[in-house]
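Colleague: after the sequence you'll find the predicted model.
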Amino acid sequence: MNRWRLILEGSWRSLGESDGRISLATQAALLFFLLTLSLTSASIQRYLADNLDQMLGSDLVVESHSPLTAAEETALRSQAQRVSVTQLSDITLTHGDKWARVKLKLVDDAYPLQGNLQIGDTPVATQRAVSAGPRTGEIWLDSRLATQLQVRVGDVLALGGTQLRLGAILFHEPDRIMEGHSTTMRAMAHAESLGSAALGGTKVRTRYLAAADASQQQAIEAWAGKTLPGASVIRKDGGEHPLASFWKRTENFLGLASVILFFMGAVALDMTNRRWLAKMRYRLAIYASFGTRTRTGMLMALGEWLIGFLVAALLAALLAALAHALIVAQMQVQFPGLQAAWHWQPAARTVGLVFLLLLALQVPSLIQLSRASLLSLIRNPAESSHVWQRLVWSFAAVALLAAAYSDNWLLTGMTLAAIASALALMIALTWSLIRLGDLWGRRRAGLLPFAFFMMRRRLLAKSAQVLGLGLCGLLLLFSLMLMRDLGATMEGYGRSHDGNLMISEAKAEQIEGIRRWAGETGSTVRALRPFVPAQLVAVNGQPLFDGSRQPSDTLATMRDPIRLSWTNELPLSNSLTGGRWWPDATEDWQQISAESEVMTDLGLNYGDRLTYQINGKPYEFRLVASHAYKPGNGSITFWFQVPQSARAQFDAGTLYMGSMELPAPAWDGLAALWQQYPTLSLVPLKELTERFDRTLDIVTRLTGGYAAMILLLALFVLAASVSGFSADDRQKNGLLMSMGLRNSDCLRLNFYEWGATALIAACGAVAGTWIAGALIYQAQFRLTYNPDPLWVAGVVVAMVAAVCLVGYLACRRSLKVSVRDLLTT
């Protein structure tokens, strides 16, 4: 025999059958999703790397949230060829009754260090290049800001107590990369135009742009790592774009979503593997009768599977290249110049990962094939001894995929726990209801008792069908309901508890002005909480950003100062989740409580020593408790809280955050308040809602695409559940018809079986959705999951109807042949 010819013929024959086509489509769908994700992420990372080289504005940037001391700045200048210092802060600019939130950059005489600024005299004027920034007493605004404030070159703007003349319209800054691709409106002024007290708060950043060769860059980076624990260093030579880690986390999140898709794919492949295994067992027994060794037969079976995988990989690569091009075309609005290209290394890495995952799913079948013998021609081995093997290998594959992408182990664990709980519930429901139905029907006659008897005899096969269909329903339900429920709940909660104006940051002297303004306008201050900006720089003496921690949203947030608040009593908006809260009036001020999710993401434990940098000075605390947000008493909460006695130790001014309720006439007076306090950070609830709606729209689109992938795989699972057991159903129908039952009786019996299967799966899906909602809603959003009963009932009815319809059509098609053909299939 020609082994290669037999392998190719067997592969071609398998692809021509329904089971082979379903398996091919499932593998291609999983590869398509992950390949598209990898190619898009690689294109963005390549774009960011090129962008870093062109728009850093210097050879190296040292960014700190507090200015360097005179000695530190002298040390930095001694190691660089030239240095330019810039400072950024969020302020509110006003002109008449118009106002806008602005990112203000203060520059020195050395700015720009590399490249030129592009300016003009009107928002639509021809741009001209200049090599120096604004002069003292001038301010430059970007074109959108000038249009919104309705100002022209030559107009005077008031910034606190300082009058600044609009000198030009700003179009381009050579160091713009440091802002990522933000759409925040921008302004620029000379540092000598404003006093040192003009800027302040948690969002002030001081940047030191340095011109230096490669050796000087390495020396500065090493010096900053030892001397400036809270600073970040970005190098043009071998550096990383500020947005690179953000897009890596985005890729991780979407990759983690593929865990759910892979779960569904594993169910579909497991069902189609039943037919594939029976055929391969038959072939290997024939090969053995001709003297072929078991090892050779196993290699031939593995070769057939590998050819199918390669065909799926080729098909997925073609579709992924097309989808990648379409996605890049959409993203060119955010990333001008982004190009679609094929990236061999990420693509090969993704294909290799999926290959290992699918091979893990195939291992139980290969183990069964290794035990095939000539007796398997006439004796079909029982499946019960291999069910647990398939479950263990399936969970191992899913865990491998989660480990490759997860950067939030709490959310990952909850997702997998919800799925595992739902699957366990579905298995319990299936076994309980079918066994109870069988006991009920033992002393009764009719098709329904006989249907329970047949399902009892095929309990493992029926369990696999229920798990597949129930998992599809669970994932589809949860993904579609999550954003709808979250959006409605968050919007209603924010309106009822936070007033209509958030005070995100205010100084102590500004609070008095706010209270006076509130009294004059009839407004109400609903809540105020004090805090100081604090940056976590070390845990147990080890730098926080030493590269040993997995990238996550929490870790990325810690690169900037967070709000550290103090209180002796546990706030009403928090609940204690672990440890022990300090007693009132404690003298031990070096205690701290952290949000439970922050502890999980950062890998913190009780007793850890946390070092914070506050106003340039280090402070060490001992982690003794953890807390979580509790809805119903306002939405102001803090990641970290310390005892009241710690406040006296901080050499820093107190800031406040809170909320207000403004009547309609008071909104027109906000411009006067901001003109007096330009650094006061107020955010109208309407603006927050609009931001949330924009984010919700983007996430809804992603969810829609993701739901489409789930629906596609759900169809594959449904098709596999019919195709994988079609041979058994045909033999059952043939036996029944040979005993005198009519076609209509077989259809009714089939309807009972599929109806029971769909009903159990739908109930399991609804219960699983409730479990997932209870876990994830509470842990991630501190919200209560309240499913809509009508929606749930509609989904159950729709799911049962769809499954029964497909089962009915499949049974009706099988009954169109003779009894002899049914029995010999």
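Modeller: Cool, the structure landed.

Colleague: how about stretch 623-630: buried residues?
Modeller: The neighbour-count check on stretch 623-630 (16 or more other Cβ atoms under 10 Å) flags 623-629 as buried. No exception for glycine: its C-beta is placed from N, CA and C like everyone else's.

Colleague: closest one of those to Ser421?
Modeller: Ala628 (21.2 Å; Cβ to Cβ).

Colleague: for that closest one, what are its contacts?
Modeller: 574-575, 577, 595-597, 782 (Cβ atoms under 8 Å, 6 or more residues apart in numbering).

Colleague: mind checking which of those residues are in helices?
Modeller: 596-597 (DSSP state H).

Colleague: and stretch 72-79, what's its mean pLDDT?
Modeller: For stretch 72-79, mean pLDDT rounds to 91.

Colleague: thinking again about what came up before, can you put the contacts of Ala628 in JSON lines and add distance to Leu775, pLDDT and neighbour count?
Modeller: Shown next, in JSON lines, are these (distance: Cβ to Cβ, whole Å; pLDDT from 0 to 100; neighbours: other Cβ atoms under 10 Å):
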{"residue": "Asn574", "distance to Leu775": "20", "pLDDT": "88", "neighbour count": "19"}
{"residue": "Ser575", "distance to Leu775": "16", "pLDDT": "89", "neighbour count": "13"}
{"residue": "Thr577", "distance to Leu775": "15", "pLDDT": "90", "neighbour count": "15"}
{"residue": "Glu595", "distance to Leu775": "17", "pLDDT": "91", "neighbour count": "20"}
{"residue": "Ser596", "distance to Leu775": "14", "pLDDT": "87", "neighbour count": "21"}
{"residue": "Glu597", "distance to Leu775": "13", "pLDDT": "80", "neighbour count": "19"}
{"residue": "Arg782", "distance to Leu775": "12", "pLDDT": "52", "neighbour count": "17"}
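
Colleague: dump the contacts of Ala628 to JSON lines, plus distance to Gln345.
Modeller: Shown next, in JSON lines, are the contacts of Ala628 (distance: Cβ to Cβ, whole Å):
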{"residue": "Asn574", "distance to Gln345": "46"}
{"residue": "Ser575", "distance to Gln345": "47"}
{"residue": "Thr577", "distance to Gln345": "43"}
{"residue": "Glu595", "distance to Gln345": "38"}
{"residue": "Ser596", "distance to Gln345": "38"}
{"residue": "Glu597", "distance to Gln345": "34"}
{"residue": "Arg782", "distance to Gln345": "41"}
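
Colleague: pull the longest strand from the chain.
Modeller: Determined from DSSP state E, the single longest strand within the chain is strand 524-539.

Colleague: could you dump that one to PDB, C-alpha only?
Modeller: Below are the C-alpha coordinates for strand 524-539, written out as PDB (Å, rounded to 0.1, in the frame of the first residue of the first chain):
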ATOM      1  CA  THR A 524     -26.000  71.900  46.300                       C
ATOM      2  CA  VAL A 525     -22.700  70.200  47.200                       C
ATOM      3  CA  ARG A 526     -23.700  66.600  47.700                       C
ATOM      4  CA  ALA A 527     -20.400  65.000  48.700                       C
ATOM      5  CA  LEU A 528     -16.700  65.800  49.300                       C
ATOM      6  CA  ARG A 529     -13.800  63.500  50.100                       C
ATOM      7  CA  PRO A 530     -10.200  64.600  50.700                       C
ATOM      8  CA  PHE A 531      -7.200  63.000  49.100                       C
ATOM      9  CA  VAL A 532      -3.500  63.500  48.100                       C
ATOM     10  CA  PRO A 533      -1.900  62.400  44.900                       C
ATOM     11  CA  ALA A 534       0.300  59.400  45.600                       C
ATOM     12  CA  GLN A 535       2.200  57.200  43.300                       C
ATOM     13  CA  LEU A 536       2.900  53.500  44.200                       C
ATOM     14  CA  VAL A 537       6.600  53.000  43.400                       C
ATOM     15  CA  ALA A 538       7.600  49.800  45.200                       C
ATOM     16  CA  VAL A 539       6.200  46.700  46.900                       C
END
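
Colleague: partner strands of that strand, parallel or antiparallel?
Modeller: In the sheet, strand 524-539 lines up against strand 542-543 (antiparallel), strand 562-566 (antiparallel), strand 609-614 (antiparallel), strand 655-661 (antiparallel) (DSSP bridges).

Colleague: what is the nearest of the buried residues of stretch 623-630 to Leu159?
Modeller: Using Cβ to Cβ, those come closest to Leu159 at Tyr629, 36.6 Å.

Colleague: how close does Ala810 get to Ile710?
Modeller: For Ala810, the distance to Ile710 equals 22 Å [Cβ to Cβ, to the nearest Å].

Colleague: quick check, Thr36 in a strand?
Modeller: No: applying DSSP: H, G, I helix; E, B strand; the rest coil, one finds Thr36 to be helix, outside a strand.

Colleague: shouldn't it be in contact with Ala320?
Modeller: Yes: Thr36 is within contact range of Ala320, at 4.5 Å (criterion: Cβ atoms under 8 Å).

Colleague: looking at the two, which one has more neighbours?
Modeller: Neighbours were counted for Thr36 and for Ala320 using other Cβ atoms under 10 Å; Ala320 has more, 25 against 21.

Colleague: not counting sequence-adjacent ones, nearest residue to that one?
Modeller: Leu35 (3.7 Å; Cβ to Cβ, 6 or more residues apart in numbering).

Colleague: can you give me the neighbour number for that neighbour?
Modeller: 25.

Colleague: show me what contacts it?
Modeller: 316-317, 320, 347, 350-351.

Colleague: so how far is Phe355 from it?
Modeller: Taking Cβ to Cβ, one finds Leu35 at 12 Å from Phe355.

Colleague: before we move on, back to that, next, format the contacts of Leu35 as JSON lines and append distance to Arg144, secondary structure and pLDDT.
Modeller: Formatted as JSON lines, the contacts of Leu35 follow (distance: Cβ to Cβ, whole Å; DSSP: H, G, I helix; E, B strand; the rest coil; pLDDT from 0 to 100):
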{"residue": "Ala316", "distance to Arg144": "42", "secondary structure": "helix", "pLDDT": "92"}
{"residue": "Ala317", "distance to Arg144": "42", "secondary structure": "helix", "pLDDT": "92"}
{"residue": "Ala320", "distance to Arg144": "37", "secondary structure": "helix", "pLDDT": "90"}
{"residue": "Ala347", "distance to Arg144": "39", "secondary structure": "helix", "pLDDT": "88"}
{"residue": "Thr350", "distance to Arg144": "40", "secondary structure": "helix", "pLDDT": "86"}
{"residue": "Val351", "distance to Arg144": "44", "secondary structure": "helix", "pLDDT": "90"}
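
Colleague: mind listing what's buried in stretch 531-551?
Modeller: Across stretch 531-551, burial judged by 16+ other Cβ under 10 Å covers 531-539, 544-545, 549.

Colleague: again with stretch 565-578
Modeller: Under 16+ other Cβ under 10 Å, the buried positions of stretch 565-578 are 565-567, 570-571, 573-574.

Colleague: show me the contact partners of it.
Modeller: 529-531, 581-586, 596, 606, 625-638, 640-644, 646-647.

Colleague: could you dump that stretch to PDB, C-alpha only?
Modeller: The C-alpha trace of stretch 565-578 is given here as PDB (Å, rounded to 0.1, in the frame of the first residue of the first chain):
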ATOM      1  CA  SER A 565      -7.700  59.100  51.000                       C
ATOM      2  CA  TRP A 566      -7.800  58.900  54.800                       C
ATOM      3  CA  THR A 567     -10.600  57.900  57.200                       C
ATOM      4  CA  ASN A 568     -10.900  56.100  60.500                       C
ATOM      5  CA  GLU A 569     -14.300  54.600  59.900                       C
ATOM      6  CA  LEU A 570     -15.100  52.300  57.000                       C
ATOM      7  CA  PRO A 571     -16.900  54.600  54.400                       C
ATOM      8  CA  LEU A 572     -20.600  53.800  53.700                       C
ATOM      9  CA  SER A 573     -19.700  53.300  50.000                       C
ATOM     10  CA  ASN A 574     -17.300  50.500  50.900                       C
ATOM     11  CA  SER A 575     -17.500  47.000  52.500                       C
ATOM     12  CA  LEU A 576     -14.700  45.100  54.200                       C
ATOM     13  CA  THR A 577     -13.700  42.100  52.100                       C
ATOM     14  CA  GLY A 578     -10.700  40.900  54.100                       C
END
